[in-house]
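Visitor: Generate coordinates for the sequence data below:
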Amino acid sequence: MLERFLPGFLLLAGAGILALAFIKCGLFVLSCLSGLRAQARRQRLELTLLGERIEAARSARTLREEEERQPKGYRKFVIARRASEAREICSFYLAPHDGKPLPRFKPGQYLTVQIPVPGQARPVRRCYSLSDAPRADCYRISIKHVLPAPGKPGALGGLVSSWFHLLAQEGDLVEAEAPRGTFTLAAAGDAPVVLLAGGIGITPFASMIIAMDETRALRRETWLFLGVRNRAEHPLRERLARAAEAGREWLHYDVTESQPGPEEKLGVDYARQGWLTVDLLKQRLPSNNYHFFVCGPPPLMKALTTGLAAWGVPTEQIHAEAFGEASVESIAALAGPAAGAGATAGEPGKELDITFRRSAKKIAWKPADGTLLKFADAHKIAIDRACKRGGCGSCKVAVLSGEVSYRKAPEYPIEKGTCLACVAFPKGPLTLDA
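Guide: This next block holds a predicted model:
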């Protein structure tokens with residue numbers, strides 16, 4: 001009996017074994033195919049990342065080459081267009097008068113302009129942050145009109161900002177140097193960033209945000225905090241809102257208003273009423289592990305930079321764009337005591353004789369007198385200036401004898417035998433060609 005069914009059992013067993021073998025083979029093939037698909041996805045991702053790195057490297061190399069080709073000195077530009085951006089804020093589009101393409105700049109850099117202001121013996125220089133992504137056909141600067149101080153009859157407002165707002169017309173010529181400045185995303189490498197702006201201090205960040213909006217090469221996790229009085233004084237509002245809408249995966253945009261207009265809606269026109277503070281950052285940010293960029297009025301910059309340092313943010317991760325002496329001094333304070341500053345650091349009561357050769361004046365300088373430019377201004381000695389922070393070279397003066405020191409190394413290269421008066425302090429008796 002057993003012999004009769006044994007072949008059938010053997011046949012069924014063989015078929016089962018064969019079926020199991022087929023199943024195992026099928027699973028093995030599926031596993032291989034799945035692994036190949038995953039490997040293909042990884043390879044595609046790696047190729048995409050490699051392509052982005054190559055593109056970023058190519059862009060950086062192109063930028064370096066274009067920087068090397070930057071023309072030296074001042075170049076003529078025509079005001080191709082002017083556009084109102086907010087209350088007392090206007091953008092000016094400067095096209096090269098010779099029609100040649102403009103070299104690229106780094107978003108966050110500034111332009112030094114030279115303007116023949118009526119009533120001034122010499123052209124007046126000022127520095128304005130570029131407020132757009134790099135273009136081949138024009139630069140854009142957005143300027144706030146600095147009004148005369150209230151309650152002071154006859155007081156002057158900003159010489160150059162008044163010229164732009166009240167006198168400049170489309171078609172007028174201005175002169176400008178090549179873009180300069182180190183207040184750029186390169187300072188943070190590939191790290192995530194927090195951009196902190198007060199009012200017109202948004203301009204360098206607008207350049208960064210628009211550039212990131214238009215190209216993937218610069219993008220990274222970005223938080224943009226802006227403090228303004230109200231919507232009417234919000235510079236470049238519509239363009240920044242479009243970038244925030246398009247960049248939700250990488251850009252967090254937060255607006256604080258101190259005095260919202262009656263028609264404005266909380267949560268629509270602004271995020272909250274109040275002031276831009278480090279306490280707000282502690283509430284909104286997941287940590288302090290960011291590179292922080294700060295630009296705005298000196299009181300705001302001082303409060304934010306000192307508050308960030310107190311929060312434990314390393315000094316090398318705090319980047320500030322200075323406008324004027326007050327903000328320069330608040331930034332320099334982050335670096336600690338003045339290095340090699342002689343009497344400015346360690347001998348508060350000591351006086352030093354400063355001789356201004358061309359003006360035929362010899363005056364005693366005290367540490368409370370501040371920088372050489374501030375000291376010269378107090379005694380009506382003319383020295384050119386623009387940025388007032390050691391970035392543009394406009395205040396360069398020949399040192400005929402003696403030495404100077406700097407609380408922070410200037411951005412502008414210092415030629416032998418000269419100093420940058422806007423950020424220089426005397427180390428001893430000094431003679432200047434001014």
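Visitor: low-scoring pLDDT stretches of the stretch 301-434 of the chain, where are they?
Guide: Along the stretch 301-434 of the chain, the parts satisfying pLDDT under 70 run over 323-349.
Visitor: where along it do the strands fall?
Guide: Counting by DSSP state E, counting those that start in this stretch, residue ranges of the strands within the stretch 301-434 of the chain are 318-320, 352-356, 361-365, 396-401, 404-406, 418-420, 424-426, 430-432.
Visitor: Sort out which residues of the second one are buried, please.
Guide: In this case it means strand 352-356. Judged by neighbour count (16 or more other CB atoms under 10 Å), strand 352-356 contains these buried residues: Leu352, Ile354, Thr355, Phe356. Any C-beta I mention is one placed from the backbone N, CA and C, and that applies to glycine too.
Visitor: Also the longest one?
Guide: By 16+ other CB under 10 Å, the buried positions in strand 396-401 come out as Lys396, Val397, Val399.
Visitor: about what we covered before: which of the buried residues of strand 352-356 sits closest to Leu130?
Guide: Among these, Phe356 lies closest to Leu130 (CB to CB), at 35.0 Å.
Visitor: Surely the closest one touches Ile363?
Guide: Yes: between Phe356 and Ile363 there is a contact under CB atoms under 8 Å: 7.5 Å.
Visitor: how near is the spatially most central residue of the chain to Leu281?
Guide: Central residue check for the chain by CA atoms, centre = their mean: the C-alpha nearest the mean position is that of Gly108, 3.5 Å away. Gly108 sits 20 Å away from Leu281 when distances are taken as CB to CB, to the nearest Å.
Visitor: got it, and Glu88?
Guide: 28 Å.
Visitor: okay, these two: which has more neighbours?
Guide: Set Glu88 next to Leu281 and count neighbours by other CB atoms under 10 Å: Leu281 wins out with 22 against 17.
Visitor: what helices or strands is the helix or strand where the more buried one lies leaning on?
Guide: Remark: Leu281 resides in helix 278-284, with elements defined by DSSP states H and E. When contacts are defined as 3 or more CB pairs under 8 Å, 6 or more residues apart in numbering; DSSP states H and E, helix 278-284 packs onto strand 222-228, helix 298-310.
Visitor: So which residues of this structure form helices?
Guide: Listed in chain order, the helices found in the chain under DSSP state H are 2-68, 159-162, 203-214, 237-246, 278-284, 298-310, 325-334, 343-346, 372-378.
Visitor: Worst mean pLDDT among the ones you listed?
Guide: Within the helices of the chain, confidence is poorest for helix 343-346, with a mean of 42 (mean pLDDT).
Visitor: rewinding a little: I'd like the strands of the stretch 301-434 of the chain laid out as a markdown table, including distance to Pro286.
Guide: Supplementary listing: these in a markdown table, determined by distance: least, CB to CB, whole Å:
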| stretch | distance to Pro286 |
| --- | --- |
| strand 318-320 | 18 |
| strand 352-356 | 50 |
| strand 361-365 | 48 |
| strand 396-401 | 45 |
| strand 404-406 | 37 |
| strand 418-420 | 40 |
| strand 424-426 | 41 |
| strand 430-432 | 50 |
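Visitor: For Leu147, which of these is the nearest?
Guide: Proximity to Leu147, assessed across the strands of the stretch 301-434 of the chain by CB to CB, is greatest for strand 318-320 (25.0 Å).
Visitor: Would you list the strands that that closest one pairs with, along with their directions?
Guide: In its sheet, strand 318-320 lies beside strand 291-295 (parallel), with partners assigned from DSSP bridges.
Visitor: For the strand it pairs with, what does the pLDDT average out to?
Guide: The predicted model gives strand 291-295 an average pLDDT of 96.
Visitor: could you measure Leu251 against Glu233, distance?
Guide: Following CB to CB, the distance that separates Leu251 from Glu233 is 22 Å.
Visitor: let me fix that: Arg284
Guide: 22 Å.
Visitor: Neighbour count: those two, which is higher?
Guide: In this comparison of Arg284 against Glu233, neighbours counted by other CB under 10 Å, the higher total goes to Glu233 at 20 against 14.
Visitor: Would you agree the more buried one is in contact with Ala86?
Guide: Yes: applying CB under 8 Å as the test, Glu233 and Ala86 come out as touching, 5.3 Å apart.
Visitor: ok, how many other residues are close to Cys90?
Guide: Neighbour count for Cys90, taken as other CB under 10 Å: 19.
Visitor: Tell me who's in contact with it.
Guide: Contact analysis of Cys90 by CB atoms under 8 Å, 6 or more residues apart in numbering lists Arg82, Ala83, Ser84, Ser142, Ile143, His145, Phe164, His165.
Visitor: Residues touching the biggest strand by length in the chain, excluding its own?
Guide: Scanning the chain for the strand with the most residues, using DSSP state E, yields strand 75-86. Contacts made with strand 75-86 from outside it, assessed by CB under 8 Å, 6+ apart, are listed as 90-98, 138-139, 142, 168-178, 232-237.
Visitor: Narrow these to just the buried residues.
Guide: For the contacts of strand 75-86, a burial check counting by 16+ other CB under 10 Å picks out 90-96, 138-139, 142, 168, 174-178, 233-237.
Visitor: Distance of Gln43 relative to Leu36?
Guide: Distance of Gln43 to Leu36, computed by CB to CB: 10 Å.
Visitor: picking up where we left off before, pull out the buried positions in the longest strand of the chain.
Guide: The neighbour-count check on strand 75-86 (16+ other CB under 10 Å) flags Arg75, Phe77, Val78, Ile79, Ala80, Arg82, Glu85, Ala86 as buried.
Visitor: Nearest to Asp190 among the residues you listed?
Guide: Closest to Asp190 out of the buried residues of strand 75-86 is Glu85 (31.3 Å), distances taken as CB to CB.
Visitor: What pLDDT is listed against that closest one?
Guide: We note a pLDDT of 95 for Glu85 in this prediction.
Visitor: and it, how far is that from Gln259?
Guide: Using CB to CB, one obtains 19 Å as the distance from Glu85 to Gln259.
Visitor: Ala364 too?
Guide: 46 Å.
Visitor: Return the subset of the contacts of strand 75-86 lying in strands.
Guide: Judged by DSSP E, the subset of those located in strands is 90-96, 139, 142, 173-176.
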